[in-house]
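Colleague: This is the structure alone, sequence omitted:
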């Protein structure tokens with residue numbers, strides 16, 4: 001998962017947690033605010049009632065002498081009530097209590113926030129109860145909670161979109177560094193040292209460090225390539241001298257058969273060594289771009305020529321070759337190198353194929369890019385072998401002759417011509433080498 005997606009998800013999760021916590025705390029917060037407001041209102045009403053309480057109101061209560069010995073007053077909508085009751089002589093005084101309680105007022109039951117106050121008046125003890133209905137408060141609380149939830153959700157969505165675009169903008173230099181300076185770089189010489197525009201000091205530092213690192217790698221690659229080229233070139237001279245001496249020795253009639261066999265074996269070893277060195281030199285020259293790539297190369301012609309050249313090997317293993325190339329595709333490159341590339345792939349398809357096997361060569365276009373496929377019905381390869389087949393001196397089958405440089409050369413030539421090689425294989429089923437050629441318009445750029 002990309003870092004921008006991780007940051008976006010992290011921000012979304014943290015905001016969701018904050019909203020969840022606020023939503024869980026909201027009833028408590030609203031309840032405290034509302035109750036504080038109601039309590040203050042009830043205390044003010046209590047104070048007014050006590051201040052304006054006189055002997056006549058108490059006498060009215062005493063004169064009634066009903067069974068309840070209670071004086072009560074109600075609002076028309078039953079949203080408030082005031083009730084005065086006589087208390088026993090041993091009751092506590094000057095005690096104010098707030099309670100929530102359900103009361104039946106004139107036949108209708110409702111929840112009330114009630115202030116209870118015990119006081120002494122005229123040597124008698126009374127309890128004053130002033131209640132305020134919670135019905136409207138609960139509706140108001142629900143509306144407030146719903147409104148706050150909507151605001152929080154809108155805020156979350158807006159901030160999520162802002163964060164997404166901002167993170168995309170913030171990480172744009174990072175992905176540009178990856179795309180232009182890492183993903184598209186096949187070798188140090190093609191590295192783009194152009195500074196990346198960024199407002200972040202971290203990405204600027206990353207860009208500088210990458211440039212410095214690639215400069216060091218480029219220097220090391222050049223030294224290694226030059227060393228291989230020099231060593232390979234210098235080795236050819238003593239090999240030629242040794243080969244010449246051995247060939248002269250073979251002209252000596254005094255040598256017995258055993259000596260002749262040993263000299264012939266040494267000559268064979270020298271030929272093998274010379275071939276390895278020439279292959280290494282070829283790879284070095286390709287990687288150092290010592291070949292021109294300005295020729296018009298017709299792939300169909302090369303495949304047909306190779307089919308004729310390799311007919312003896314094909315007949316030896318009784319292999320059937322099906323060539324179904326329907327497009328007269330031409331590319332600008334080096335004809336000799338393309339010939340070597342296809343030669344190595346076709347030789348591999350023959351070498352690792354089974355007797356009476358099949359080789360199929362087809363072409364086509366995929367997403368406007370030309371491809372050429374060479375498949376066989378040979379011994380196939382495991383995933384581990386596929387990962388290492390382009391390494392130098394690596395052979396997928398140790399029983400076959402070879403030096404393990406053929407596919408390494410093929411990969412170098414493919415990189416030189418911007419060709420992608422894809423390999424799919426199944427053990428005992430066969431192998432497919434798919435060559436994807438770069439779009440001609442891209443090459444012109």
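Modeller: Sure, I can see it. Just so we're clear, the structure is a prediction, and the values are computed from it rather than from any experiment. Numbers count the residues shown, from 1 in each chain.
Colleague: where does this structure have low pLDDT?
Modeller: 1-2, 54-78, 136, 183-190, 232, 394-403, 440-445 (pLDDT under 70).
Colleague: ranges for the helices of it?
Modeller: 3-52, 55-64, 135-178, 201-250, 257-287, 299-309, 311-316, 335-351, 383-388, 406-416, 440-444 (DSSP state H).
Colleague: what's the most buried one of these?
Modeller: Among the helices of the chain, helix 406-416 has the highest mean neighbour count (mean count of other Cβ atoms under 10 Å), at a mean of 22. For every residue, glycine as well, the C-beta is placed using N, CA and C.
Colleague: name the helices or strands packed onto that one?
Modeller: Secondary-structure packing of helix 406-416 (3 or more Cβ pairs under 8 Å, 6 or more residues apart in numbering; DSSP states H and E): helix 257-287, helix 335-351, strand 420-426.
Colleague: okay, the angle between it and strand 420-426?
Modeller: Computed by axes from the mean of the first three to the mean of the last three Cα atoms, to 10 degrees, the angle separating helix 406-416 from strand 420-426 equals 140 degrees.
Colleague: quick one, domains of this protein?
Modeller: Annotated domains of the chain cover 3-139, 201-287, 295-444 [automatic domain parsing].
Colleague: Turn these into TSV, columns for distance to residue 170.
Modeller: As requested, the domains of the chain are exported to TSV (distance: least, Cβ to Cβ, whole Å):
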stretch	distance to residue 170
domain 3-139	8
domain 201-287	9
domain 295-444	30
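Colleague: Kindly state which of the ones you listed is positioned closest to residue 174.
Modeller: domain 201-287 (5.7 Å; Cβ to Cβ).
Colleague: Start and end of that closest one, how far apart?
Modeller: Domain 201-287 has an end-to-end distance of 35 Å (criterion: Cα to Cα, to the nearest Å).
Colleague: Show me how far it is from its chain's centre.
Modeller: Centroid displacement of domain 201-287 relative to its chain, using Cα atoms, centre = their mean, to the nearest Å, is 42 Å.
Colleague: Specify the stretch among the domains of the chain that is closest to residue 171.
Modeller: Closest to residue 171 of the domains of the chain is domain 3-139 (Cβ to Cβ; 5.0 Å).
Colleague: Indicate which one of the helices of the chain is closest to residue 361.
Modeller: Closest among these, once you apply Cβ to Cβ, is helix 299-309, at 6.0 Å.
Colleague: who's in contact with the closest one?
Modeller: For helix 299-309, contacts defined as Cβ atoms under 8 Å, 6 or more residues apart in numbering pick out 314, 321, 323, 325, 327-331, 335, 338-339, 342-343, 346, 361, 363, 372.
Colleague: swap the cut-off to 6 Å and go again
Modeller: With contact meaning Cβ atoms under 6 Å, 6 or more residues apart in numbering, helix 299-309 is reached by 325, 329, 339, 342, 343, 346.
Colleague: Over to stretch 4-12?
Modeller: Contacts with stretch 4-12, where a contact means Cβ under 6 Å, 6+ apart, come from 160, 163, 164, 167, 171.
Colleague: make it 8 Å
Modeller: Outside stretch 4-12, the residues that touch it by Cβ under 8 Å, 6+ apart are 156, 159, 160, 163, 164, 167, 168, 171.
Colleague: quick revisit: wait, which of the helices and strands packed on helix 406-416 is closest to residue 19?
Modeller: Nearest to residue 19 among those is strand 420-426; the distance by Cβ to Cβ comes to 48.3 Å.
Colleague: The closest one pairs with which strands?
Modeller: In the sheet, strand 420-426 lines up against strand 430-436 (antiparallel) (DSSP bridges).
Colleague: on that earlier part again, any chance of CSV for the helices of the chain, columns distance to residue 99?
Modeller: Compiled in CSV, those are given as follows (distance: least, Cβ to Cβ, whole Å):
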stretch, distance to residue 99
helix 3-52, 11
helix 55-64, 23
helix 135-178, 15
helix 201-250, 61
helix 257-287, 90
helix 299-309, 94
helix 311-316, 102
helix 335-351, 92
helix 383-388, 76
helix 406-416, 85
helix 440-444, 81
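Colleague: To residue 125, which of those helices lies closest?
Modeller: Smallest distance to residue 125 across the helices of the chain (Cβ to Cβ): 11.9 Å, for helix 55-64.
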